[in-house]
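Chemist: sequence and computational prediction follow.
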Amino acid sequence: MSKQLIVIGGGAAGFFCAVNAARLAPGLKVILLEKSGKLLSKVKISGGGRCNVTHHCFDIEEMSRRYPRGRHFVKKAFHRFFTIDTINWFEQRGVKLKAEKDGRMFPVTDSSQTIIDCLMHEAHHYGVKIMLNAEVKSIKTNSAIGGAIFDIELREGGSMNADYVTIATGGYPKSSMFEWIERSGHTIEEPVPSLFTFNLPGNPITNLMGVSVEKAGVKITGSKLQEEGPLLITHWGLSGPVILRLSAWGAHELALVKWNFTAQINWLPYYNEHVLREKFGNLRKELASMKLINRNPFGLPQRLWEFLIQQSGINDQLRWAELPAKEQNKLIKNLCLCECIVKGKTTFKEEFVTAGGIKLNEIDANTMMSKKIPGLFFAGEVLNVDGITGGFNFQHAWTSGYVAAAAITL
């Protein structure tokens, strides 16, 4: 009699586990349960609909440093399935990936549907049974001849049995949503949001929505949190990779202050106040007859330059040679130490990432199997692993899904 694997969750990790288990063990019956009516929803919208599949990094140590939570855990797992394996897996199925200058990797089609079609084709080819609108209410183990058999009860009624179970439900925003997993004896690390943007209600800088700076330095005052990278001004506040990275590294710290803090922006991260003051002395001579507003010597977006001049109390008609010391000092501070009062965050529900989940000391990183219950596996964001933006969360999904599948089919 063939054995049965039930995978709970139709996202990247769950799907990858299901299709690889079915491929590696032709006699294994694989059923995938998805509580909603949609499969691979994060894959669909990731990277603006292009799907940021992974990151162009082939050094395990370096890659593992991109995970604020789970660094040592993923480091072990990456020895089993890493970036190059992800690239090869998709290319062997006709999906070529390309790397962009920031390291993010996308399908050459620039369409997430390419990844979805590939995974759906694999599921169909290897006979994975998919059940939508099938939410799991509880999971129990019954000791039976041949080992533990799992009884899975569905919320809408009915139950199923399995020899193996992989839980790949993604992250939950509230601890209470983990209760059905906790009943199996596992411990939850309190979930808090990660990868969110900063809200600046009432700040006039939001009038510059759409303006982006290729490299800005951002620091959270009163903490060690600081990052450099692309920054985007939105109609609600600050976004872009530098902000998302800060939100990931500071997920727990910023949650403790209920996302109320001060961010300091250095629009010119290659300058500090002292060096910039010297630079201004030279600029006053070199650009003496030119109006400040018309001559932006730092390559900043013009709208941002005009905004910073206005915020420094400088008249539109003022020339470089006429710049008073008081206004100059204000402008230098606004360029190097622009303070923004952050009050709250914005998260995108479809791309919601949590810091928190199943405690990693209860899971074997070499197999993704529970150390408490043989035959029970975990994959993806349900674990207390999360990466910064740039394809790292998907790589963890592919890795943990594959490692679980390989261990199940040994």
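Modeler: On my side now, so go ahead.
Chemist: alpha carbons only for contacts and neighbour counts from here, please
Modeler: Fine.
Chemist: endpoints of stretch 232-247, how far apart?
Modeler: Start-to-end span of stretch 232-247 (Cα to Cα, to the nearest Å) is 14 Å.
Chemist: what does stretch 326-345 give?
Modeler: End-to-end distance (Cα to Cα), stretch 326-345: 34 Å.
Chemist: going forward, the N-terminal residue is numbered 547.
Modeler: Done: numbering now begins at 547, and the last item shifts to stretch 872-891.
Chemist: buried ones in that stretch?
Modeler: In terms of neighbour count (16 or more other Cα atoms under 10 Å), stretch 872-891 has its buried residues at 873-888, 890-891.
Chemist: repeat that for stretch 900-915.
Modeler: Of all the residues in stretch 900-915, those buried under the rule 16+ other Cα under 10 Å are 900-906, 908-915.
Chemist: now do the same contact list for the residue of the chain most remote from its centre.
Modeler: Distance from the centre of the chain peaks at residue 835, with 48.3 Å (Cα atoms, centre = their mean). Counting by Cα atoms under 8 Å, 6 or more residues apart in numbering, residue 835 makes contact with 865-867.
Chemist: first-to-last residue distance for stretch 579-598?
Modeler: Stretch 579-598 has an end-to-end distance of 24 Å (Cα to Cα).
Chemist: next, the buried residues of it.
Modeler: Across stretch 579-598, burial judged by 16+ other Cα under 10 Å covers 579-581, 585-593, 596-598.
Chemist: just how off-centre is it within its chain?
Modeler: In this view, stretch 579-598 has its centroid 14 Å away from the chain centroid, taken as Cα atoms, centre = their mean, to the nearest Å.
Chemist: quick revisit: among the contacts of residue 835, who's most crowded?
Modeler: Counting neighbours by other Cα atoms under 10 Å, the top entry in these is residue 866, with 22 neighbours.
Chemist: so how far is residue 574 from the closest residue to residue 719 other than its chain neighbours?
Modeler: Counting by Cα to Cα, 6 or more residues apart in numbering, residue 719 lies nearest to residue 737, which is 6.0 Å off, once chain neighbours are set aside. Noted for residue 737: a distance of 34 Å to residue 574, by Cα to Cα.
Chemist: what of residue 700?
Modeler: With distances taken as Cα to Cα, residue 700 is found 22 Å from residue 574.
Chemist: can you check residue 562 too?
Modeler: Plainly put, residue 562 is 15 Å away from residue 574 if you go by Cα to Cα.
Chemist: comparing the two, which shows the higher neighbour count?
Modeler: Comparing residue 562 with residue 574 by other Cα under 10 Å, the one with more neighbours is residue 562, at 25 against 20.
Chemist: can you pull the contacts of residue 863?
Modeler: Listed by Cα under 8 Å, 6+ apart, the contact set of residue 863 reads 837-839.
Chemist: if we go to 10 Å?
Modeler: By Cα atoms under 10 Å, 6 or more residues apart in numbering, residue 863 lies in contact with 836-840.
Chemist: which members of the buried residues of stretch 900-915 are positioned in strands?
Modeler: Within the buried residues of stretch 900-915, residues falling in strands by DSSP state E are 900-904.
Chemist: mind putting those into JSON lines with pLDDT and distance to residue 854?
Modeler: Shown next, in JSON lines, are those (pLDDT from 0 to 100; distance: Cα to Cα, whole Å):
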{"residue": "900", "pLDDT": "89", "distance to residue 854": "35"}
{"residue": "901", "pLDDT": "94", "distance to residue 854": "35"}
{"residue": "902", "pLDDT": "95", "distance to residue 854": "39"}
{"residue": "903", "pLDDT": "97", "distance to residue 854": "42"}
{"residue": "904", "pLDDT": "97", "distance to residue 854": "46"}
